[in-house]
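> structure for this input, please:
(2 chains, ligands or ions: 3)
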Amino acid sequence: MTHPLTPGVAAGRLTTEEIEANFADLHPPLDQHEAHVAADRCYFCHDAPCITACPTDIDIPLFIRQISTGQPEAAARTILEQNILGGMCARVCPTETLCEQACVREMAEGKPVEIGRLQRFATDAMMTRQGHPFVRAAATGKHVAVVGAGPAGLACAHRLAMKGHKVTIYEAKEKPGGLNEYGLAAYKTTDDFAAREVDWLLGIGGIEIAYGRMLGGDLSLDALREGHDAVFLGIGLGAVNALEMPGDAEAANAVDFIAALRQAGDLRALPVGRNVVVIGGGMTAVDAAVQARLLGAENVTLAYRRDRDRMGASKFEQDLAASKGVRIISNVMPVALEDGTMVLEYTADVDGRLQGTGERIELPADQVLRAIGQMLVPLGDLGLERGKIAVAGAGRSGIAGVWAGGDCTPGEDLTVVAVAEGRDAAEDIHAALMQA
Amino acid sequence: MADLTTNFLGISSPNPFWLASAPPTDKEYNVRRAFEAGWGGVVWKTLGEEGLPVVNVNGPRYGAIYGADRRLLGLNNIELITDRPLEVNLEEMARVKADYPDRALIASIMVPCEEAAWKAILPRVAETGADGIELNFGCPHGMSERGMGSAVGQVPEYIEMVTRWCKQNYDRPVIVKLTPNITDIRKPATAARNGGADAVSLINTINSITSIDLDNFAPEPTIDGKGSHGGYCGPAVKPIALSMVSEIARNPETRGLPISGIGGVTTWRDAAEFIALGAGNVQVCTAAMTYGFKIVEEMKRGLSEWMDEKGFARVEDFVGMAVPNVTDWQYLNLNYVTKARIDQEACIKCGRCYAACEDTSHQAIAMTPDRTFEVIDAECVACNLCVDVCPVENCISMERLAAGAVDPRTGRVVQEDYANWTTHPNNPMAPQAAE
Ligand SMILES: Cc1cc2nc3c(=O)[nH]c(=O)nc-3n(C[C@H](O)[C@H](O)[C@H](O)COP(=O)(O)OP(=O)(O)OC[C@H]3O[C@@H](n4cnc5c(N)ncnc54)[C@H](O)[C@@H]3O)c2cc1C
Ligand SMILES: Cc1cc2nc3c(=O)[nH]c(=O)nc-3n(C[C@H](O)[C@H](O)[C@H](O)COP(=O)(O)O)c2cc1C
Ligand code: SF4
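Numbering: from 1, shown residues only, chains lettered A, B, ... in the order given. Ligands and ions are numbered 1, 2, ... in the order given. Coordinates of the predicted model:
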């Protein structure tokens, strides 16, 4: 039988019970009593800073007060009016850098109101019975194409459907959800929540998803513009940066590793190295490293080329990695991967440029995962800004009738930001279509 | 260490914390445990006439009002006087008193408003060795419909009459417990004094309906689809009780009449406040019913600690010390001018002061885009609302403008001398200065 010390890359390092415990909900749901205690802590601030800090501008004090007055479903409606993926955001938002960082009780006591978990309490109350709270406006006769069924595309489609437009989502993959389905850490979204949430969202009606349809493949932007009144692109970042070193071909993409993990029916069947090295310093790197440990890898090292405080992963994520036994080495860059050994070189910042110091360290590496950033797959004549689709206002691209939002446009790569951009683009599309 | 021993009406108890007549004092088992826990005295659950006892409802008796974190702020009850036979209570009282001679044991009594009824029960109570009696003229439900409790307490003549009967037929201290369900508490207190009462105790519970069940459209607690008003008590009623106690302490007709303070006493601080307003001791019910007998420990330690800090050796050293400072509105110094001050270090930027002042008061707080809140002296009337709504204690305070300073709101120089409404030029009743 394999176990954590089995050499090489192997499946079944842990028992089923260990796997279940490891991949349980990171932030378990609050029960009713806990939710009331947590809700009572909100001060109902004037012009509340938490609202400002939320990319989707959820009226947080209002929904918390609705929980404390005994109406969690009404609270959910307040949330979902602004953020149709409020259920997923409650699970995956880095609240420590968003609403909860702004909460005045963070300043007062270092303990913010648990906004994320309260949001989950409210949205769960509604979604456990799959009740859909919104109805469509009268049909407008307009038809909008949305490319990509990730958070940006779904938020855009839902808002458009609510306004009475007909929406077709063209999705390259066989499942909806984008990174909700393939990317987010398994312990943040358990029990197939991503798929359930999409089902629930589609309850609005008027949205059709065409799977296996790929823009740049069987679909062209011109054809889409031709056949629809407007087009929204929510295609995310499909390509991955490579490591410039000998042996890069031996390494794998962290996002592919995570996607396989998210789609695995039985996590025990998923092979993982005894010694794993993850290159990178963002959320993806942390998620890959943590999940490798949770699958039973004995040694997982996260190697980041700059100082810890420059890492894209928040302090909370770094601490989570440390608590799961991931070793974080900072100020090292990859030099080569050869014969199961990862060679790293220490770095120093010399006049603002990162340089190797000559000092090297070697780590045994059965599996190396690269997580040094995703890139846009270039698409035709769309203007770019910092490698992403350039947009003005609420997601207007340089091409008339084409909007874009989410990871494929500039801005922070977060689920909640994608939702906000999808929603705002939908409002802009609606305004444009109704004017015409 | 301060000595908490009190001597109320000649009845000694090791501390001023008595349990009020209520479920905590309804039987021997409870009272023994209360004494073991350290309570200074008890007023036994109100006794009724000889014969078949009253019956209580068999459904819920209590309703509640909560603050944050389900902290009980107010309790409402529809319980009656003791529903156990008189002789059982009397036997138990005698046994307990014999075993705890150092603790105060008072019998609370409610019998019909006829002299014979009082004459019948008083000797039997005397036999138990109880230290005194308390006349329950307060119960607002159940008993009042039978012409007892607050039905008597609302008629000063009855209070005086019954008190007199008791003084004639009983030789130990008589305390008259007053109902707050009247317009002017001084009237029943005066009647009690005229009848010869040794003390008054107040308040009993306040008529109340705590909530309505919105599914059944009935008051809570609901008994088979119906509810009735009950008596309100707990922290929420303390302000009402304090005010009533102060009125009796200040009133020339009742000044000096000993008072046992009741109503929302939950901590040592509440007790100290009642005593400062003239109470010789306090009685507690809801706090014990909420937290158990052990809270008396916090009350005793807290009071003793505070007395040490203040240099009070005995409780009577500060009885009534706040009474001279309770005055009528018209005598408040109108030359005392203050302004709100926000401690920027302590401020957590919640903005509640701003919302309160901007929306509902005087638009005297300015807010900057970075959420700094500053008081605009030219608008601040010193109402104190910002202080009251601020979640951080001492973050906002009221600072007095020194004499000679100009109040930017009125443009007037703050005067050194005291001046009140009685002489204010805007007061049509004020004596006019001679032309
Ligand atoms: C490993 C990982 C972990 C993360 N963890 C978090 C987290 O904890 N919290 C958080 O807030 N954010 C997290 N993120 C970021 C978050 O997932 C993204 O910001 C968010 O999913 C972006 O949404 P999107 O709709 O823009 O793109 P995506 O979610 O990438 O969705 C794009 C969709 O478009 C489809 N598509 C792409 N190209 C085409 C095409 N040419 N034709 C048709 N369809 C196409 C894709 O198949 C996909 O369904 C994480 C990201 C990763 C990679
Ligand atoms: C600062 C303040 C001033 C008030 N002034 C008046 C008043 O002038 N006239 C009046 O009839 N009631 C007055 N009230 C009483 C209120 O109208 C109301 O009856 C009372 O506050 C109870 O309601 P609430 O506690 O639910 O707010 C005042 C209340 C407050 C708090
Ligand atoms: S900042 Fe915190 S306390 Fe203030 S409204 Fe938001 S959640 Fe409530």
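> now residue B:418, nearest residue through space, not along the chain?
residue B:333 (4.8 Å; CB to CB, 6 or more residues apart in numbering or on different chains). C-beta: built from backbone N, CA, C; applies to glycine.
> actually residue A:72, not the one I wrote
residue A:125 (3.8 Å).
> how's chain A carved up into domains?
With domains defined by automatic domain parsing, chain A comprises A:32-127, A:143-238+A:376-435, A:240-373.
> longest helix anywhere in the chain?
With no chain named, the answer covers chain A. Secondary structure of chain A read by DSSP state H shows that its longest helix is helix A:415-435.
> hmm, no, I was thinking of chain B.
Max-length helix for chain B by DSSP H is helix B:295-310.
> the next helix or strand after that one pairs with which strands, parallel or anti?
Downstream of helix B:295-310, the first helix or strand assigned by DSSP states H and E is strand B:338-342. When pairs are called by DSSP bridges, strand B:338-342 turns out to pair with strand B:396-400 (antiparallel).
> the strand it pairs with: how far from the chain's middle?
28 Å (CA atoms, centre = their mean, to the nearest Å).
> buried residues in it, which are they?
B:396-397 (16 or more other CB atoms under 10 Å in any protein chain shown).
> longest strand in chain A, please.
Secondary structure of chain A per DSSP state E: the longest strand is strand A:353-364.
> kindly format the C-alpha coordinates of that one as PDB.
What follows is strand A:353-364, C-alpha atoms only, in PDB (Å, rounded to 0.1, in the frame of the first residue of the first chain):
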ATOM      1  CA  ARG A 353      16.300  44.500 -10.500                       C
ATOM      2  CA  LEU A 354      16.100  41.000  -9.200                       C
ATOM      3  CA  GLN A 355      19.400  39.100  -9.600                       C
ATOM      4  CA  GLY A 356      20.700  35.700  -8.600                       C
ATOM      5  CA  THR A 357      23.300  35.800  -5.800                       C
ATOM      6  CA  GLY A 358      25.100  32.700  -7.000                       C
ATOM      7  CA  GLU A 359      24.100  30.700  -3.900                       C
ATOM      8  CA  ARG A 360      22.000  27.700  -4.800                       C
ATOM      9  CA  ILE A 361      19.800  25.200  -3.100                       C
ATOM     10  CA  GLU A 362      18.700  21.900  -4.300                       C
ATOM     11  CA  LEU A 363      15.500  20.200  -3.400                       C
ATOM     12  CA  PRO A 364      14.300  16.700  -4.200                       C
END
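> other residues contacting it?
A:275, A:277, A:299, A:301, A:305-306, A:329, A:332-333, A:335, A:340-349 (CB atoms under 8 Å, 6 or more residues apart in numbering or on different chains).
> next step: those restricted to strands.
Of the contacts of strand A:353-364, the ones assigned to strands by DSSP E are A:275, A:277, A:299, A:301, A:329, A:332-333, A:335, A:341-349.
> quick check on those: which are buried?
Of those, these count as buried by 16+ other CB under 10 Å: A:275, A:277, A:299, A:301, A:329, A:332-333, A:335, A:342-347.
> what about the closest residue to residue A:16 other than its chain neighbours, how many residues close to it?
Closest residue in space to residue A:16, ignoring its immediate chain neighbours: residue A:268 at 6.2 Å, by CB to CB, 6+ apart. Residue A:268: 17 surrounding residues under other CB atoms under 10 Å in any protein chain shown.
> so who does residue A:268 touch?
Contacts of residue A:268 by CB under 8 Å, 6+ apart are A:11-12, A:14, A:16, A:19.
> quick check: the two most widely separated of the residues you listed?
A:11 and A:16 (12.5 Å; CB to CB).
> the more surrounded of the two?
Higher neighbour count among residue A:11 and residue A:16: residue A:11, with 16 against 11, using other CB under 10 Å.
> where does the more buried one land on pLDDT?
pLDDT, residue A:11: 94.
> got the contact list for residue 211?
Reading this off chain A. With CB under 8 Å, 6+ apart, residue A:211 has these contacts: A:171, A:173-176.
> my question was about chain B
B:63, B:65, B:219-220.
> count the neighbours of the residue in the stretch 301-435 of chain B positioned nearest to ligand 3 for me.
Nearest residue of the stretch 301-435 of chain B to ligand 3: residue B:350, at 5.6 Å (CB to the nearest ligand atom). Using other CB under 10 Å, residue B:350 is surrounded by 29 other residues.
> then residue A:352?
Applying other CB under 10 Å, we find 5 other residues in the vicinity of residue A:352.
> distance check, it against chain B.
Distance of residue A:352 to chain B, computed by CB to the nearest CB, to the nearest Å: 31 Å.
> returning to what we had before: do you know how far the residue nearest to residue A:72 is from residue A:249?
49 Å (CB to CB, to the nearest Å).
> who's more crowded, these two?
Per other CB under 10 Å, whichever of residue A:125 and residue A:249 has more neighbours is residue A:125, with 19 against 9.
> surely the more buried one is in a helix?
Yes. Assessed with DSSP: H, G, I helix; E, B strand; the rest coil, residue A:125 lies in a helix.
> and it, what does it touch?
Each residue near residue A:125 by CB under 8 Å, 6+ apart is listed here: A:72-73, A:75-76.
> could you redo the last one with a cut-off of 10 Å?
Shown in contact with residue A:125 (CB atoms under 10 Å, 6 or more residues apart in numbering or on different chains): A:32, A:35, A:67, A:71-76, A:131.
> coming back round to it: work out the gap between the longest strand of chain A and the centre of the chain.
Its chain's average C-alpha position is 31 Å from that of strand A:353-364, according to CA atoms, centre = their mean.
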